[in-house]
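Trainee: okay, sequence plus prediction incoming.
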Amino acid sequence: MKELVYHRLFLPALERDPSRTCLIDGEHRASVSEHGERVLRLASAMAGELGLRPDSRFAVLAANSHRFVELYHAGFLGAGIINPLNLRLAPTELAYILENSGTETVFVDATFSPLLEQARGDASGLRNVVLLGDGDAPCDASYEDLIASATPDIPPEPDESAPAVLMYTGGTTGLPKGVLCSQRAEMLNLYHIGMSFRIEQHDVYLAQTPMFHAASLGGLLSTPAILGTMVVIPFFEPGSVIHAIETHGVTFTVMVPTMIGLTMDHPDFDAGRLQSLTKLAYGASPMPEAVLDRLLTTFPHLDLYQAYGMTEASVVLTILSPADHREGGALLRSAGRPVPGAQITIRDAAGNTLPIGEEGEVCARAGNLMDEYWENPAATEEVFRDGWYHTGDMGRVDARGYLHLVDRVKDMIVTGGENVYSIEVENAISTHPDVAQVAVIGIPDEKWGEAVHAIVVPRPGTEPTTDEIVDWARKTIAGYKVPKSVELRTEPIPLSGALKPLKRELRKPYWEGRERAVN
């Protein structure tokens, strides 16, 4: 079947308005036809010069750029399965992902080439490194040379069941898990976004969230399809965001709450400079009430959307609409209602559906869910039970169908929009010779939503410092996973009957008086 594939969205757009400006990235400006030709040349070069097949995994380790966008589009046209890599990974984590995924080719820019070189030796299947843009870095080929040498041929149309993206998330076992999503899942997510966000041809989309993040895919894939204009900045920086919105008349963008707060607190912030903005979507972590109140007051005509989902859902399951935001009240503390085509239920530990208002695990059924965790059938079977995807989030659904999140089943922390599994941090800290016990939890943080907090019991006769614990963890895990704070205790960490740390008990003092135990 080929009904739900990216060919049907991307290729017709090349014919409808070929001269329209499609992509702006610094000095790079491309019309629809120019962008399309580069993408088709790239797809040809990936098959010809690089020898990639539709089921080959290729990785991208780079800042946001028009080249990153082109690689997404070529991948979704069937040139290979794209594996976008988190730029904040430690070399050991990166090496594991490259090896586990069987990645054959990595596209890297000069900034992140040193990180790749540290990991490359442990990636046995890696055959080619392609340098994106300028710079002096080890590589086997130049991206621009590949495009210049290829012909703009349309690759064969994939089936809708064909894998399109392999995106790694943190793992409950301490190892990252590869989320494999099909063409069909990703295209259904685009339709859900289009129906919910009402993206139109006149929209100018600002790509500022990291392109390795699942939250970026909606804008990257839908903007060319509806003949909108995409403006790209390499990294989020509040001053650059303000400048880009004002300069290019940006109408729509996606931010995590931390980014919104940092932008509004920036010395260059002036509401008048952002007057072109008509739609703003936020997600990955709930919005602090103070930031949301300020946003609603400063921009009363701005349409706000909150999206709840996860990488495994490609990425959206529920939406809190602009009308919901304007109604206010208790709705502002909800995650909205399911997008068209998605269904949410609340279930107890035995898998029974709970009545309205009762708290249990949030479970979902939708066409935009992942196929599997890459080469991890046990983890896949664990989350797909009785025909439902088990999110690991605790919540309730009210009488109007709005989802309210209250806690997590999984020991996961969401800090600044990034997911951190406690076990990853605990594994890193536990190898310190002076550590007897460690438990990692998320505690409230006004800037990051949640902060990673480690509770450590030292071995008898030792006196490790908090700085030593932090520095030790930083050697093996990404910087955003490293604890923001460490608490040293002499009494043992409380354990359950199954000898697991009682995380809810450990979190309780920090979340006392709050409606929910997650941010």
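Mentor: That came through, no problem.

Trainee: stretch 100-119: end-to-end distance?
Mentor: 13 Å (CA to CA, to the nearest Å).

Trainee: distance between it and the chain's centre?
Mentor: Relative to its chain's centre, stretch 100-119 lies at 19 Å (CA atoms, centre = their mean, to the nearest Å).

Trainee: that stretch: which residues count as buried?
Mentor: 100-109, 111-113, 115-116, 119 (16 or more other CB atoms under 10 Å). Where C-beta positions appear, they are placed from N, C-alpha and C, glycine not excepted.

Trainee: for that stretch, give the mean pLDDT please.
Mentor: Across stretch 100-119, the average pLDDT comes to 97.

Trainee: next one: stretch 199-210
Mentor: pLDDT averaged over stretch 199-210 gives 93.

Trainee: alpha carbons only: can I get it in PDB?
Mentor: Provided in PDB are the C-alpha atoms of stretch 199-210 (Å, rounded to 0.1, in the frame of the first residue of the first chain):
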ATOM      1  CA  ILE A 199      -1.200  25.300   9.200                       C
ATOM      2  CA  GLU A 200      -1.700  27.300   5.900                       C
ATOM      3  CA  GLN A 201       0.200  28.400   2.800                       C
ATOM      4  CA  HIS A 202       0.800  31.900   4.100                       C
ATOM      5  CA  ASP A 203       2.500  30.600   7.300                       C
ATOM      6  CA  VAL A 204       6.100  31.300   7.900                       C
ATOM      7  CA  TYR A 205       7.500  28.600  10.200                       C
ATOM      8  CA  LEU A 206      10.500  29.100  12.400                       C
ATOM      9  CA  ALA A 207      12.600  25.900  13.000                       C
ATOM     10  CA  GLN A 208      14.400  26.500  16.300                       C
ATOM     11  CA  THR A 209      13.800  23.400  18.300                       C
ATOM     12  CA  PRO A 210      16.700  20.900  17.700                       C
END
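
Trainee: list the buried residues of it.
Mentor: Of all the residues in stretch 199-210, those buried under the rule 16+ other CB under 10 Å are Ile199, Asp203, Val204, Tyr205, Leu206, Ala207, Gln208, Thr209, Pro210.

Trainee: give the contact list for the third one.
Mentor: With contact set as CB atoms under 8 Å, 6 or more residues apart in numbering, Val204 has these partners: Gly228, Thr229, Met230, Val231, His248, Gly249, Val250, Thr251, Phe252, Ser276.

Trainee: am I right that Val440 falls within a strand?
Mentor: Yes: applying DSSP: H, G, I helix; E, B strand; the rest coil, one finds Val440 inside a strand.

Trainee: now, the most widely separated pair of the buried residues of stretch 100-119?
Mentor: Gly102 and Thr111 (25.3 Å; CB to CB).

Trainee: for the stretch 151-300 of the chain, which residues score under the pLDDT cut-off?
Mentor: Scanning the stretch 151-300 of the chain for pLDDT under 70 picks out the ranges 171-174, 285-286.

Trainee: circling back to that earlier point, and of the buried residues of stretch 199-210, the nearest to Met1?
Mentor: Among those, and counting by CB to CB, the member closest to Met1 is Ile199, at 25.7 Å.

Trainee: quick one, phi/psi of Glu372?
Mentor: Glu372 adopts backbone torsions of phi -170, psi 170, taken as degrees, to the nearest 10.

Trainee: so where do the helices sit in the stretch 51-200 of the chain?
Mentor: Assigned by DSSP state H, counting those that start in this stretch, the helices in the stretch 51-200 of the chain fall at 66-74, 91-101, 113-120, 143-149, 183-197.

Trainee: Lys484 is nearest to which of those helices?
Mentor: helix 91-101 (19.0 Å).

Trainee: relative to helix 113-120, how tilted is that closest one?
Mentor: Taking axes from the mean of the first three to the mean of the last three CA atoms, to 10 degrees, one finds helix 91-101 and helix 113-120 inclined to each other by 60 degrees.

Trainee: tell me what the closest residue to Ile97 other than its chain neighbours is bridged to.
Mentor: Take Ile97 and drop its neighbours on the chain: the residue closest to it by CB to CB, 6 or more residues apart in numbering is Tyr168, 5.1 Å away. Note on Tyr168: beta-bridge partners by DSSP bridges are Gly178.

Trainee: could the buried residues of stretch 199-210 be laid out in CSV, adding secondary structure?
Mentor: Converted to CSV, the buried residues of stretch 199-210 look like this (three-state DSSP):
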residue, secondary structure
Ile199, coil
Asp203, coil
Val204, strand
Tyr205, strand
Leu206, strand
Ala207, strand
Gln208, coil
Thr209, coil
Pro210, coil
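
Trainee: hang on, Arg326 is in a strand, isn't it?
Mentor: No: looking at Arg326 with three-state DSSP, it is helix, so not inside a strand.

Trainee: pull out the buried positions in stretch 1-10.
Mentor: Residues of stretch 1-10 classed as buried by neighbour count (16+ other CB under 10 Å): Leu4, Val5, Tyr6, His7, Leu9, Phe10.

Trainee: which of those residues fall in strands?
Mentor: With strands defined by DSSP state E, no entry of the buried residues of stretch 1-10 lies inside them.

Trainee: and stretch 413-420, end to end?
Mentor: One end of stretch 413-420 to the other measures 5 Å (CA to CA).

Trainee: buried ones in that stretch, by neighbour count?
Mentor: By 16+ other CB under 10 Å, the buried positions in stretch 413-420 come out as Ile413, Val414, Thr415, Gly416, Gly417, Glu418, Asn419, Val420.

Trainee: wouldn't the third one be in contact with Ile443 here?
Mentor: No: under the contact definition of CB atoms under 8 Å, Thr415 does not touch Ile443, with a separation of 10.0 Å.

Trainee: just how off-centre is the helix or strand containing His243 within its chain?
Mentor: In the assignment (DSSP states H and E), His243 maps to helix 238-248. Here helix 238-248 is found 22 Å from its chain centre; the criterion is CA atoms, centre = their mean.

Trainee: run through who's touching it.
Mentor: By CB under 8 Å, 6+ apart, the residues outside helix 238-248 that reach it are 24, 204, 206, 208, 229, 231, 233, 250, 253, 259, 262-263, 265-266, 268-270, 273-274, 276-277.

Trainee: what is the helix or strand following it packed up against?
Mentor: Next along the chain after helix 238-248, taking DSSP H and E as the criterion, comes strand 252-255. Judged by 3 or more CB pairs under 8 Å, 6 or more residues apart in numbering; DSSP states H and E, the packing partners of strand 252-255 are strand 204-207, helix 217-225, strand 279-283.

Trainee: please indicate which of the contacts of helix 238-248 are buried?
Mentor: Buried subset of the contacts of helix 238-248 (neighbour count, 16+ other CB under 10 Å): 24, 204, 206, 208, 229, 231, 233, 250, 253, 259, 262-263, 269, 274, 277.

Trainee: check which helix or strand Val406 maps to.
Mentor: Under the criterion of DSSP H and E, Val406 resides in strand 403-408.
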